[in-house]
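Asks: I need the structure of the sequence given here:
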Amino acid sequence: MLVLFVAPYFTENAKLYLHHVTRHAQVLLMTQDDPALLPPELRSRIVGAERVGDALDKGQLVAAAKELQRLYGPAAQLLGVVEQLQVPLAEAREQLNLPGMRPNEALNFRDKTRMKELLRQAGLPVARFRLVDTTEAALRFAAEVGYPLVVKPPAGAASQATFFAHDEAVLRSALALASAEARGAVLLEELVTGQEHSFDAFVRDGQLLFYSVSNYLPSCLEVMRNPWMQWVVVLPRAYESQDIADAGAKALSVLGLRTGMCHLEWFRRPNGELVISEVGARPPGAQFPTMISRAHACDCLDSWARLMVAGEWQPLAERQFAAGTAYLRGQGEGRVRTVHGLDMIERELGGLICDQRVPSPGQPKSPSYEGEGFIMVKHPETKVVEQALKHIVSTVRVELG
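Replies: Residues are numbered from 1 along each chain as shown. Here you go, the predicted structure:
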């Protein structure tokens, strides 16, 4: 089976997904990078490749796909996992008459205002929000809801260009920054307090096949607001929760994800109520698939590739471990100079560490809360994982300069 796959650049994540898709299909690759930059073993498994100037341009994707299919034959799917690709991919699928998500559904996930309105209309709990294009409209919303507020582009990703406004002066400044990123209107939301989680799920033909719940310690926005904080995510061994399973499945149905994997972020308020924050119609980043794989002793991305290419689903084994990741976030500005505390962590927690990426000297500072590297641990007991992650973020320090 021939499958078209779009990877704008050969990031480690892109190569990982390419590896899994090439195990189940013959891949026709569309990319902005030179295919010669791929590792030889992976490059040998690519049937054909076409370079494009801008992978986010639907017209260029369609032209490249037509050329690849002229040379190698008709493709059965058009895939890509980058958040910003989802709308142009859907537009290209429609024009190429390939199966999968269409533009209306892709926009439901990509446009956060549209998403929240659809969820609200369906009776699902979301934070109060408003799309504003003037300072006056923003101030009216602030008067109705009160501070603090979250200010962000309607089509943002990974909390980038997202700001926290605790008074009018900060709101005015944040509006200018967010509107420049969005090139237009800005999304305002009330700040939801409580424990932040993710709901990462597989669906096929609209039916929930599997889900995983994780705990964010602390929330993404809080980490972005405080440069000294290290982000931690825990996948507890006992994670089933019927209310988020029901709400998550309904949200995916309302927004239009029929087959694939989602990343849904949500909060549990102090009173026990849940609030849906955002939903992505693509697999999660930040090492989440690897954590799911370690917790269930499986290969999560192979399950994704098999589902997307052939529509096949092999149920994941029962969760045998808790897993978690400490994201190593550099302090200060500049490039990575050195990493302190790794020897101690490897000596004391070596038996728990299952995956890691140590920041390299000279590496640039990451714009994301994921930081410059990570250390992942697993253990049958959730408390052991939580304690290990706390020890890691208290000990390891990435020095920038």
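Asks: residue contacts, the nearest residue to Val393 once chain neighbours are set aside?
Replies: In space, and not counting its chain neighbours, Val393 is closest to Gln230: 3.8 Å by C-beta to C-beta, 6 or more residues apart in numbering. C-betas here are computed from N, CA, C, even on glycine. Listed by C-beta atoms under 8 Å, 6 or more residues apart in numbering, the contact set of Gln230 reads 223, 326-329, 371, 393.
Asks: mind checking the SS state of Gln230?
Replies: Following DSSP: H, G, I helix; E, B strand; the rest coil, the label given to Gln230 is coil.
Asks: what does the domain assignment say about this structure?
Replies: Here the domain parsing of the chain from automatic domain parsing is 2-100, 128-190, 195-400.
Asks: can you give me the strands in the stretch 251-400 of the chain?
Replies: Assigned by DSSP state E, counting those that start in this stretch, the stretch 251-400 of the chain shows strands spanning 260-268, 274-280, 322-328, 336-340, 353-357, 373-379, 397-400.
Asks: Please identify the most buried of those.
Replies: strand 322-328 (a mean of 28; mean count of other C-beta atoms under 10 Å).
Asks: Output that one as PDB, nothing but the C-alphas.
Replies: The C-alpha coordinates for strand 322-328 follow below in PDB (Å, rounded to 0.1, in the frame of the first residue of the first chain):
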ATOM      1  CA  ALA A 322       3.400   4.100  36.100                       C
ATOM      2  CA  ALA A 323       5.600   6.300  33.900                       C
ATOM      3  CA  GLY A 324       6.700   9.900  34.000                       C
ATOM      4  CA  THR A 325       9.000  12.400  32.500                       C
ATOM      5  CA  ALA A 326      11.000  15.300  33.900                       C
ATOM      6  CA  TYR A 327      11.600  17.900  31.200                       C
ATOM      7  CA  LEU A 328      15.100  19.500  31.600                       C
END
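Asks: Now do it: distance to the chain's middle.
Replies: 15 Å (C-alpha atoms, centre = their mean, to the nearest Å).
Asks: Tell me which helix or strand comes right after the worst-scoring helix or strand of the chain on mean pLDDT.
Replies: Lowest on mean pLDDT, DSSP states H and E among the helices and strands of the chain sits helix 220-225, with a mean of 70. Using DSSP states H and E, the helix or strand that follows helix 220-225 in sequence is strand 232-235.
Asks: Let me see the residues that make contact with that next one.
Replies: Against strand 232-235 from outside (C-beta under 8 Å, 6+ apart): 198, 212-217, 286, 288, 291-292, 295, 319, 322-327, 382, 385-386, 389-390, 393.
Asks: Now, those that are in helices?
Replies: In helices, defined here by DSSP state H, the members of the contacts of strand 232-235 are 288, 291-292, 295, 382, 385-386, 389-390, 393.
Asks: Could you identify the buried members of those residues?
Replies: 288, 291-292, 295, 382, 385-386, 389, 393 (16 or more other C-beta atoms under 10 Å).
Asks: just to revisit the earlier point, present the ones in helices among the contacts of strand 232-235 as a markdown table; the columns should include pLDDT and distance to Val150.
Replies: Converted to a markdown table, these look like this (pLDDT from 0 to 100; distance: C-beta to C-beta, whole Å):
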| residue | pLDDT | distance to Val150 |
| --- | --- | --- |
| Phe288 | 97 | 22 |
| Met291 | 98 | 26 |
| Ile292 | 98 | 28 |
| Ala295 | 97 | 30 |
| Thr382 | 98 | 29 |
| Val385 | 98 | 29 |
| Glu386 | 97 | 27 |
| Leu389 | 96 | 26 |
| Lys390 | 95 | 27 |
| Val393 | 92 | 24 |
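Asks: ranges for the helices of the chain?
Replies: Using DSSP H, helices in the chain cover 12-21, 40-43, 58-72, 86-96, 103-110, 112-121, 135-145, 168-182, 220-225, 242-255, 288-296, 300-310, 342-349, 382-395.
Asks: Now do the first one: distance to the chain's middle.
Replies: The reference is to helix 12-21. Averaging C-alpha positions (C-alpha atoms, centre = their mean) puts helix 12-21 15 Å from its chain's average.
Asks: Identify all contacting residues around that helix.
Replies: By C-beta under 8 Å, 6+ apart, the list of residues contacting helix 12-21 from outside reads 3, 5, 7-8, 27, 29, 38-39, 42, 46, 79, 81-82, 283, 285, 299, 301-302, 304-305, 308-309.
Asks: List the buried residues in that helix.
Replies: For helix 12-21, the neighbour count (16+ other C-beta under 10 Å) marks 13-14, 17-21 as buried.
Asks: mean pLDDT lowest for which of the helices of the chain?
Replies: When the helices of the chain are compared by mean pLDDT, helix 220-225 comes last with a mean of 70.
Asks: ok, back up a step: let me know which of the helices of the chain is the nearest to Val203.
Replies: helix 242-255 (5.8 Å; C-beta to C-beta).
Asks: Tell me which other helices or strands the closest one touches.
Replies: For helix 242-255, the elements it packs on are helix 103-110, helix 112-121, strand 195-204, strand 207-217, strand 260-268, strand 274-280, judged by 3 or more C-beta pairs under 8 Å, 6 or more residues apart in numbering; DSSP states H and E.
Asks: I appreciate the help and will end here.
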